[in-house]
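Student: Here you go, sequence then predicted model.
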Amino acid sequence: MDKQRVIGLILALALCLLGALPAAGEGPEPARRAREALTKLGGFDATYDAQSASGRSYTIHVRFQPPDKMRVDVEPLGILTLFDGNRYLYYDDEQKRAISFSIDAVQKELLDQERRLNAISWAGLPVPSATDEPIYPSFVLGLSPDNLDIAVEMAPQPNQHSWIREMTIADPIAVKGNQAEFPTRASRGRVRLTVDLQTGLLAKAEIGDPDDVVGTIRLKELKKGAPDGKAFVYVLPSTLEVRDQKSDPSLLQQLLVSAFRSHLDRLLDAAKAKWPTLTAAQKKELDQAVYAAFGHIFTLGQASAKQGVQQSLRGSQFNKMIQDALRNDEAKQKFTADHPELSDEALAAAWRKQVQAESAQAVLLEVVRAIDDQFVAPLRQQALDATAGMAEGPRKELLQSSTEPVFRAYLEMIRPIVEETVGDLLK
């Protein structure tokens, strides 16, 4: 299938501490049985056949060696995702691009964010673990009728694969012999999973309506036990330019946003039940935690954000807009008439100051639109889905507390940069 198709297989990079997930032993009996079976496997080498809505076939090869090594290959796309205990690697052979992360540096930032969110006293979020505790890879299929996002995520507990997580909240679960069948929660029944309770692995996934299946995944072959360790030793081509958290801060920002969204599900579940009884101070904790989390996320990329703003504003379009505003004779004449008390020198300075303020405000408006599209809109939709059934007033208040602080955090960082750059252009 073409990678640009909406329905089919879409490969996604994800790396997050899923501390908001249910702990081992929680959830219904089938989930407990599946976890125990996975533990007894002692690792696995699994091959899945997948078919997209276009009819094109794919092979997904997943290898796991306890406690902290996982590799996923998707052919014929030439995509490899690897976690070897120290390094997270994503390689696209077709696109000839790679992303690499040192887990130590990433984990420190993820735990820092977890501590910020833990300040919400009523949410019941888990106490952050220490940075030297193990981190476990999990195989994740983000299924929907429109796509299949394949990822390797990091969790503070083993066997947090996406089908296990779905089993802990699924209703209903139909157990037939050694297989458990159930719909995923967010798909309204249009994604159905089958888990083999003897191995704990996903046996089958069907995407679409029962009478109109648009995508399938089926387990083709399974080798129980830890794979050959050579599978987790991979060297990238020496000529390849590799992106990492140092060369591209936006990558780390994306990972932190992904982690935040995992926590947001738990926050919203708790808030939906407790919001009407919370005090104003307790409600403000959510606002402040979101603000602190995203303030930290945005600050990590402050240098690149500043460079981007400066380059954009110094481009011909924005520069011309600002210079045209400064030379707008009609507006300047009106400004002069409104300030007859000013000397020529003071008037020129005041006019320049007003143009700077209005130009910066116009730029910030465009920035707000971009931030809404990139960060806030997905959070808003997630919050809308999670708060369905709430009364309109409390729901609106909760939505605002979980999304509006993102705007404040970014504007606090970007406003001085915009004002400084616009001021430079007017000198």
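Tutor: Everything's here; your move.

Student: Quick check: buried residues in stretch 349-358?
Tutor: Going by neighbour count (16 or more other C-beta atoms under 10 Å), the buried part of stretch 349-358 is 351, 354-356. In short, each C-beta sits where N, CA and C put it, glycine included.

Student: part of a strand, is Ala151?
Tutor: Yes: the assignment for Ala151 is a strand, going by DSSP: H, G, I helix; E, B strand; the rest coil.

Student: Roughly how far does it sit from Ala386?
Tutor: From Ala151 across to Ala386, the span is 21 Å (C-beta to C-beta, to the nearest Å).

Student: one step back: state the pair within the buried residues of stretch 349-358 that is farthest apart.
Tutor: Using C-beta to C-beta, the pair of these lying farthest apart is Trp351 and Gln356, separated by 9.7 Å.

Student: If you average the pLDDT over stretch 106-115, what comes out?
Tutor: Taken as a whole, stretch 106-115 carries a mean pLDDT of 83.

Student: distance between it and the chain's centre?
Tutor: 14 Å (C-alpha atoms, centre = their mean, to the nearest Å).

Student: Export only the CA atoms of that stretch, formatted as PDB.
Tutor: Listed next in PDB are the C-alpha coordinates belonging to stretch 106-115 (Å, rounded to 0.1, in the frame of the first residue of the first chain):
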ATOM      1  CA  VAL A 106      14.700  10.500  27.200                       C
ATOM      2  CA  GLN A 107      13.700   8.600  30.300                       C
ATOM      3  CA  LYS A 108      14.900  11.500  32.500                       C
ATOM      4  CA  GLU A 109      12.700  13.900  30.700                       C
ATOM      5  CA  LEU A 110       9.700  11.600  30.700                       C
ATOM      6  CA  LEU A 111      10.000  11.000  34.500                       C
ATOM      7  CA  ASP A 112      10.300  14.800  35.000                       C
ATOM      8  CA  GLN A 113       7.000  15.300  33.200                       C
ATOM      9  CA  GLU A 114       5.400  12.400  35.200                       C
ATOM     10  CA  ARG A 115       6.400  14.200  38.400                       C
END
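
Student: Give me the most central residue, the chain.
Tutor: Nearest to the mean C-alpha position of the chain, by C-alpha atoms, centre = their mean, lies Ser258 at 2.3 Å.

Student: what packs against the host helix or strand of it?
Tutor: Element membership for Ser258, per DSSP states H and E: helix 249-274. Under the contact criterion of 3 or more C-beta pairs under 8 Å, 6 or more residues apart in numbering; DSSP states H and E, helix 249-274 touches strand 97-102, helix 103-117, helix 280-300, helix 302-313, helix 377-386, helix 392-425.

Student: any idea of the angle that helix forms with helix 377-386?
Tutor: Counting by axes from the mean of the first three to the mean of the last three C-alpha atoms, to 10 degrees, helix 249-274 lies at 20 degrees to helix 377-386.

Student: quick one: average pLDDT of helix 249-274?
Tutor: Averaged over helix 249-274, pLDDT sits at 85.

Student: again with stretch 94-102
Tutor: Mean predicted lDDT for stretch 94-102 stands at 88.
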